[in-house]
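Participant: test case, fold it:
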Amino acid sequence: SNSQDHLWGLRAILAVQSFAWLFFKVFNPTLTIPAPTATERTPHYQILLRKILSPLLWDESFIFCFFILLSARTVSISFLREVNSATYARSLISRPIRMGLPLAVGLAISCAVFSTINTQYLEDFARLNQNPYLRAPERPDGALASFNSIWNLLWVTRDYSLQMGNLAFPSWTLWVPSAIYLQSYTVYIFMVILPFSRPAWHVNGLIMFAFGSWWFNSWGWYSATGLFLADIAINPPLRTALFRGWSNSSGSVRMPYWALAAVFVAVGTGLKYMWTAGLDQDFWSGEAHAHPARYTGGSSFGYYDGNQPYPRMDNWLVIVGLLVLVEFSEIAKTILSSKIFKLVGRRSLSYYLTSTLLMYTAGVKIFLYCNVSAGYSSASAKAVAFFVVLPCSILAGEIFHWAIDKPAVWAGHAVFRW
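Facilitator: Next comes the predicted model:
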């Protein structure tokens, strides 16, 4: 089957991982991968859990890198399946509305809430819970600044984590949709060329572009990889070559590509555990120094920004390996294409926006009430917060999906038809 519905299932898994990462980041920060400069006094078992489980289950950089590459993998599917000017124009015209409206509403709610309430409770919680990561969202100076913060979400081209739209949103993660939207245009530029060139040139051209953007530590090599994987899945000659595998000119040596994908996953996983568990946390950002542009000047990533994940090689290896292995497994694609996976995957953006806001408002306040006022232990208060925020996030995400997210899709298509 050449259905691409399994990509919704992958998005659903990432949505669950994102919720787990967010909860741990707020309530148990030592279970997440810490910033290189963080100093914490934590129980040893939590450090072990972080080093053993977090690299693949709730690693911030892995989750967000996966979302960025997966977006590049999906954005070109409609055009590659139906190559015409109308399909191409629909993608370009509807995407700003499709992404911009939900993000604008989510950020507007955040600005309104945190500009109205007293955020001292977040500082009290951070001190009580010994959480060096938790900070109140920044407040734009006024209504015009708030509007500009919302407007700029889709127009920032670098230093995503420093934009006010990111700083004004809880968890400071709204830079990810900015990067996803910007990288869509990398895909748009290349995908219009692919149907009119030889399939073999697709491989060479995208590999050269990916290498160049890797050199400059740009997100472009993630976008090129996503487009390449979409091209392989849709283009019959490339798909046939994928399942045929590699062989030398005489045919005496053969290698299936699923084996190469498994090697990618193994090497990437090994690197992730090396950075997380094998080396001191001061070395976690060491991979950023492997890009030559850092030493020749003129790079969009000229410094290491600890507030946002950058396009890491270890994550890339694991993500690409997993995506290729899924292409080879009809069982995996059937499971990922099931109704529940598609339902959660289609609501992933809504769940992200609502759960983040609820975690930083209701979740933290519930913990403070249970722990300080009611005398619950810290663990019990966290459990209460979890079992309240989780169903509330599902309900709020469902409301947001039907009230904002789906109308944004309809509006994008309506604007295109108009």
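
Participant: what sits against Leu349?
Facilitator: Taking C-beta atoms under 8 Å, 6 or more residues apart in numbering, we find Leu349 in contact with Pro102, Pro177, Asp405. (Glycine included, C-beta is placed from N, CA and C.)

Participant: which of these sits closest to Ala259?
Facilitator: Taking C-beta to C-beta as the measure, Pro177 is the one of the contacts of Leu349 closest to Ala259, at 35.3 Å.

Participant: what about that closest one, neighbour count?
Facilitator: Look at Pro177: counted by other C-beta atoms under 10 Å, it has 26 neighbours.

Participant: okay, and the residue nearest to it when sequence neighbours are not counted sits in which element?
Facilitator: Of all residues not flanking Pro177 in the chain, Leu103 sits nearest, at 5.5 Å (C-beta to C-beta, 6 or more residues apart in numbering). Following DSSP states H and E, one finds Leu103 within helix 85-116.

Participant: pLDDT (mean, whole number) over that helix?
Facilitator: For helix 85-116, mean pLDDT is 92.

Participant: and that helix, what's buried?
Facilitator: For helix 85-116, the neighbour count (16 or more other C-beta atoms under 10 Å) marks 88, 90-91, 93-95, 97-107, 109-111, 114 as buried.

Participant: and for stretch 144-161?
Facilitator: Judged by neighbour count (16+ other C-beta under 10 Å), stretch 144-161 contains these buried residues: Ser146, Ser149, Ile150, Leu153, Leu154, Val156, Asp159, Tyr160, Ser161.

Participant: poorly predicted segments of the stretch 151-300 of the chain, please.
Facilitator: Residues of the stretch 151-300 of the chain meeting the criterion pLDDT under 70: 278-300.

Participant: repeat the analysis, applying 80 as the threshold.
Facilitator: Across the stretch 151-300 of the chain, residues meeting the criterion (pLDDT under 80) sit at 157-161, 200, 215-217, 245, 247-253, 276-300.

Participant: same question, the stretch 1-150 of the chain
Facilitator: Using pLDDT under 80, the stretch 1-150 of the chain drops low at 1-3, 33-44, 47, 132-133, 143.

Participant: please redo it, this time with the cut-off set to 50
Facilitator: Residue ranges of the stretch 1-150 of the chain with pLDDT under 50: 35-39.

Participant: picking up where we left off before, now the helix holding Leu103: how far from the chain's centre is it?
Facilitator: Helix 85-116 sits 17 Å away from the centroid of its parent chain (C-alpha atoms, centre = their mean, to the nearest Å).

Participant: quick check: mean pLDDT of stretch 325-334?
Facilitator: 92.

Participant: separation between the residue nearest to Leu22 when sequence neighbours are not counted and Phe27?
Facilitator: Closest residue to Leu22 apart from its sequence neighbours, by C-beta to C-beta, 6+ apart: Met359 at 5.7 Å. Plainly put, Met359 is 9 Å away from Phe27 if you go by C-beta to C-beta, to the nearest Å.

Participant: quick one, strands of the stretch 301-418 of the chain?
Facilitator: Using DSSP state E, counting those that start in this stretch, the stretch 301-418 of the chain contains no strands.

Participant: OK, contacts around the residue nearest to Leu22?
Facilitator: Leu22, Phe23, Val26, Pro170, Ser171, Val389, Ser393.
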